[in-house]
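Chemist: return atomic coordinates for the entry below.
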Amino acid sequence: MNNKNQNLMINEEAVIRKLSLVSLLGNAILSGFKLFAGIFGHSGAMISDAIHSLSDVFTTLVAWIGVKVSKKAADTDHPYGHERMECVAALILGLILLATGLGVGKVGVQNIISGKYEMLPIPGAIALIAAILSIIGKEAMYWYTRYYAKLINSAAFMADAWHHRSDALSSIGSLIGIGGAMMGFPVLDSVASVIICLFILKVSYDVLKDALAKMLDTSCGDDYEQKLTEYISAQEGVICVDMLRSRMFGNKIYIDLEIEVNGSQSLKDAHDIAEHVHASVENHFPEIKHIMIHVNPANELDSPLNQS
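Modeler: Sure, this is the predicted structure:
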């Protein structure tokens, strides 16, 4: 069992390194090219898009640090582990997205309100090419990061994946705005900046909401608890489930459980039932890090043995 867990940790370490490297290199190359295209192509939307991509470089570093720390084993100061550090990383990512979105939208709104559309520059073809390449590149990075984030159950890298998707959506807005501006409607470049802002703010809200929920010991929901209750109730020796509470702890789940067993059996037998339930649940539901079980003696009148 120890070798299996060690191999899993090694695989997770390899996945984390791969995700971080791909994301850092991809974002660095794309942001540099988009900034170049935005400046020399006279496109405010593309410059905003480049700033958005540049923020990805920093957020990937934050995600990597958060995941690395969260995988550390429990110690004296942190007896329950470090999983919440991944939530902290996701929270920071969400705040960066929020600040980026507001910054991107500010300039666009100012240009639209000014009304001096004839003074706005017409973007060049290089800005249009950069938008197309950005859409393709960022969408590919989204699916790549999303796949591995789900594989290692990482909230921080899932947030990073959605950051890639927000970049792809913002580049679609850039493409429309740049194309419209090149066709004689220069204000559309600024409109695209505002649209990009809205996409980024929506993703920021989702990431922050998920991170806060996992930091505040939020329940896993009625459907999950019902599924778990049915599974435990079906275990040998369990008469019924008296109480079950769940709470999210980073990307892991903790369960508090009370079960009823035959009250006439020995303490050792009752303990063996609890041990079996403990091992079975943690093996069948890998997202559960620990389940605390309290055993209650069943009321003799309620026991199925006496009702038969």
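Chemist: just for the stretch 101-250 of the chain, where's the confidence low?
Modeler: For the stretch 101-250 of the chain, the stretches with pLDDT under 70 are 250.
Chemist: so where do the strands sit in it?
Modeler: Using DSSP state E, counting those that start in this stretch, the strands of the stretch 101-250 of the chain run over 240-249.
Chemist: all the helices of it, in order from the start?
Modeler: Along the stretch 101-250 of the chain, counting by DSSP state H, counting those that start in this stretch, helices occupy 125-151, 155-182, 187-215, 222-233.
Chemist: select the longest helix from this protein.
Modeler: helix 2-40 (DSSP state H).
Chemist: okay, the helices of the stretch 101-250 of the chain in JSON lines with mean neighbour count next?
Modeler: For the C-beta atoms, the positions are set from N, CA and C on the backbone; glycine is no exception. Shown next, in JSON lines, are those (neighbours: other CB atoms under 10 Å):
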{"stretch": "helix 125-151", "mean neighbour count": "19"}
{"stretch": "helix 155-182", "mean neighbour count": "26"}
{"stretch": "helix 187-215", "mean neighbour count": "21"}
{"stretch": "helix 222-233", "mean neighbour count": "14"}
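Chemist: distance to residue 93 for these - can I get that in JSON lines?
Modeler: Formatted as JSON lines, these follow (distance: least, CB to CB, whole Å):
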{"stretch": "helix 125-151", "distance to residue 93": "12"}
{"stretch": "helix 155-182", "distance to residue 93": "5"}
{"stretch": "helix 187-215", "distance to residue 93": "6"}
{"stretch": "helix 222-233", "distance to residue 93": "25"}
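Chemist: quick one: closest of the ones you listed to residue 76.
Modeler: Closest of the helices of the stretch 101-250 of the chain to residue 76 is helix 187-215, at 22.4 Å (criterion: CB to CB).
Chemist: roughly how far is the closest one from the heart of the chain?
Modeler: Put simply, helix 187-215 sits 15 Å off its chain's centre (CA atoms, centre = their mean, to the nearest Å).
Chemist: specify the angle between that helix and helix 155-182 in degrees.
Modeler: 170 degrees (axes from the mean of the first three to the mean of the last three CA atoms, to 10 degrees).
Chemist: for the host helix or strand of residue 278, which outside residues touch it?
Modeler: Per DSSP states H and E: residue 278 is located in helix 267-284. Helix 267-284 is contacted from outside by 228, 231-232, 235-238, 255, 257, 259, 261-262, 288-291, 293, 295, 297, using CB atoms under 8 Å, 6 or more residues apart in numbering.
Chemist: what are the buried residues along that helix?
Modeler: By 16 or more other CB atoms under 10 Å, the buried positions in helix 267-284 come out as 270, 273, 274, 277, 278, 280, 281.
Chemist: between those residues, which is nearest residue 203?
Modeler: Nearest to residue 203 among the buried residues of helix 267-284, counting by CB to CB, is residue 281 at 34.2 Å.
Chemist: got the contact list for residue 42?
Modeler: For residue 42, the contact set (CB under 8 Å, 6+ apart) comprises 121, 122, 123, 124, 127.
Chemist: write the ChimeraX selection for whichever of the residues you listed are buried.
Modeler: With 16+ other CB under 10 Å as the criterion, this ChimeraX line picks the buried residues out of those:
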select :122,123,124,127
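Chemist: between the contacts of residue 42, which is nearest residue 134?
Modeler: For the contacts of residue 42, the closest approach to residue 134 (CB to CB) belongs to residue 127, at 10.4 Å.
Chemist: how far away is the nearest residue to the closest one once chain neighbours are set aside from residue 200?
Modeler: In space, and not counting its chain neighbours, residue 127 is closest to residue 41: 3.2 Å by CB to CB, 6 or more residues apart in numbering. Look at residue 41 and residue 200: by CB to CB, to the nearest Å, they are 21 Å apart.
Chemist: check residue 50 too.
Modeler: Remark: distance between residue 50 and residue 200 (CB to CB) = 13 Å.
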